[in-house]
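Undergrad: Based on what follows, work out the 3D shape:
(one chain, ligands or ions: 1)
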Amino acid sequence: MTKTTRRTLAAAAIAGLAARSARAQAGFPNRPITMTIPFAAGGPTDIVGRLLAESMSRELGQPVVVENTTGAGGTLGAQRVATARPDGYAILLHHIGMGVIPTMYRRLAYDPVNGFEPLGLVTEVPMTLVGRKELPAANLAELVALMKSSGDRFNLADAGIGSSSALCGALLANAIGAKPTVVPFRGTGPAMQEILGGRVDLLCDQTTQTTEYIRGGAVKVFATPSRTRIATLPDIPTTAEAGLPGFEITVWHGLYAPRGTPAPVLARLTTALQAALRDPRIVQRFTEIGTAPVSQEDATPEAHRRFWTADIAKWKPIIEATNGYAD
Ligand code: ASP
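TA: Residues are numbered from 1 along each chain as shown. Down below sits the predicted model:
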């Protein structure tokens, strides 16, 4: 074979591959998409993810199948998607963990920032401090006193270092100078079961899960670490109102694809995300569980990247100052 023939064949092969990949992108999606949730089924991230997946399935004409890859504070699920084939069939719904994990985890088997393409923001959810029903504290001041006097006999449930519940719990413990025993779960779905069973004392968790338990009186609620009260749970004081100023955290969620996913595929996924966030069923259900879809402008890769970058910068000095590393 002459050099020219070899070059011609190589060029034809490359052109063939490019044409095949263009056809694959044009037909995207032509099979089910997997949405990884990095926390356990039944918890707040899972609740948001399943609603989103159902609506995106309708929009994309293919099932968006939820899979819970749990453990290590949400890093195992993130790793799964960061290292997946970047073809649009593996996407990740994650939360504020994407803002704290790059600082908290100094050793990871994936790149927690450059491993992903942000597709758009999804929601921002308030948190609530909820305790087991029999906890001997009637309000936040009494809870603080109890936590301080109980030392490590007080149990604080969370979803592992990197989760929002862990971040919230650490901020609370630091703010009041308490040293509770931390009991990590694979998500706050299972953690909530332990609160309901009276086997752990306290959990800081999103309203997307806690609303129904608060309304039903199944848990004791102490405060929301938000700037303002929650519209759907207006009787709950903010932490500042209840005597603990400067302790604020809400949980944002965003959707991601692996870095290197082709631009037309990313665009298709973002369009489906935006359509889902306009879906009246999502709007209604999100509202019932204390949140709302973000605006269409925020459900874009650009807005998501800006917000995410700012969040990493926001938490970095706090994590460094409190030595809040995972290792
Ligand atoms: N709410 C959890 C957290 O603490 C995660 C979950 O959705 O289960 O980050």
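
Undergrad: give the contact list for the closest residue to Thr207 other than its chain neighbours.
TA: For Thr207, the nearest residue in space outside its immediate sequence neighbours is Gly290; the separation is 3.1 Å by CB to CB, 6 or more residues apart in numbering. Heads up, the C-betas are built off the backbone N, CA and C, glycines and all. By CB atoms under 8 Å, 6 or more residues apart in numbering, the contact list for Gly290 reads 125-126, 206-208, 211, 230-233.

Undergrad: near the ligand, which residues of the stretch 201-327 of the chain show up?
TA: Contact residues, the stretch 201-327 of the chain versus the ligand (CB under 6 Å from any ligand atom): 205-206.

Undergrad: ok so, going back, among the contacts of Gly290, which are located in helices?
TA: 207-208, 211 (DSSP state H).

Undergrad: List just the nearest of those residues to Leu76.
TA: Nearest to Leu76, judged by CB to CB, of those is Thr208 at 21.5 Å.

Undergrad: Relative to Leu146, how far out is Ala40?
TA: The spacing between Ala40 and Leu146, counted by CB to CB, to the nearest Å, is 28 Å.

Undergrad: thinking again about what came up before, which one of the ones in helices among the contacts of Gly290 has the most neighbours?
TA: Thr208 (27 neighbours; other CB atoms under 10 Å).

Undergrad: you'd agree it is up against Pro44?
TA: Yes - between Thr208 and Pro44 there is a contact at 4.1 Å, judged by CB atoms under 8 Å.

Undergrad: Overlap in contacts, those two.
TA: Val125.

Undergrad: Any stretches of the stretch 101-250 of the chain with poor pLDDT?
TA: Nowhere does the stretch 101-250 of the chain drop to pLDDT under 70.

Undergrad: Report the contact partners of the residue nearest in space to the middle of the chain.
TA: For the chain, His95 is the residue whose C-alpha lies nearest the centre (CA atoms, centre = their mean; 2.1 Å). When contacts are counted by CB under 8 Å, 6+ apart, His95 is found next to 45, 74, 164, 251-254.

Undergrad: State the pLDDT value of it.
TA: Note on His95: pLDDT of 98.

Undergrad: Could you do the one 5 residues further on as well?
TA: On pLDDT, Val100 comes in at 97.

Undergrad: in a helix, that's where it is, yeah?
TA: Yes - Val100 forms part of a helix when assessed by DSSP: H, G, I helix; E, B strand; the rest coil.

Undergrad: I figured it was touching Ile319, is that so?
TA: Yes - Val100 lies in contact with Ile319 (CB under 8 Å); the separation is 6.4 Å.

Undergrad: Next one: the residue nearest to Gly243 when sequence neighbours are not counted from the ligand, what distance?
TA: Closest residue in space to Gly243, ignoring its immediate chain neighbours: Ala141 at 5.6 Å, by CB to CB, 6+ apart. Relative to the ligand, Ala141 is positioned 25 Å away (CB to the nearest ligand atom, to the nearest Å).

Undergrad: Is Ala141 in a helix, a strand, or coil?
TA: helix.

Undergrad: Name the helix or strand for Ile47, please.
TA: For Ile47, the element it lies in under DSSP states H and E is helix 44-60.

Undergrad: again, but for Asp311
TA: helix 301-322.

Undergrad: who's in contact with that helix?
TA: Contact partners of helix 301-322, identified using CB under 8 Å, 6+ apart, comprise 96, 98-100, 102-104, 113, 117-121, 167, 170, 174, 252, 254-255, 266, 270, 297-298, 324-325.

Undergrad: Strands along the stretch 151-300 of the chain, start to end?
TA: Counting by DSSP state E, counting those that start in this stretch, one finds strands in the stretch 151-300 of the chain at the ranges 155-158, 181-184, 202-206, 220-223, 250-258.

Undergrad: where does the fourth one sit relative to the chain's centre, distance-wise?
TA: By that I understand strand 220-223. Taking CA atoms, centre = their mean, to the nearest Å, one finds strand 220-223 lying 22 Å from the centre of the chain it belongs to.

Undergrad: Just checking: what are the partner strands of that strand?
TA: strand 116-131 (antiparallel) (DSSP bridges).

Undergrad: Kindly report the same for the third one.
TA: Each strand that pairs with strand 202-206, with its direction, by DSSP bridges: strand 116-131 (antiparallel), strand 155-158 (parallel).

Undergrad: and the ligand, which of the ones you listed is closest to it?
TA: Nearest to the ligand, of all these, is strand 155-158, at 5.9 Å by CB to the nearest ligand atom.
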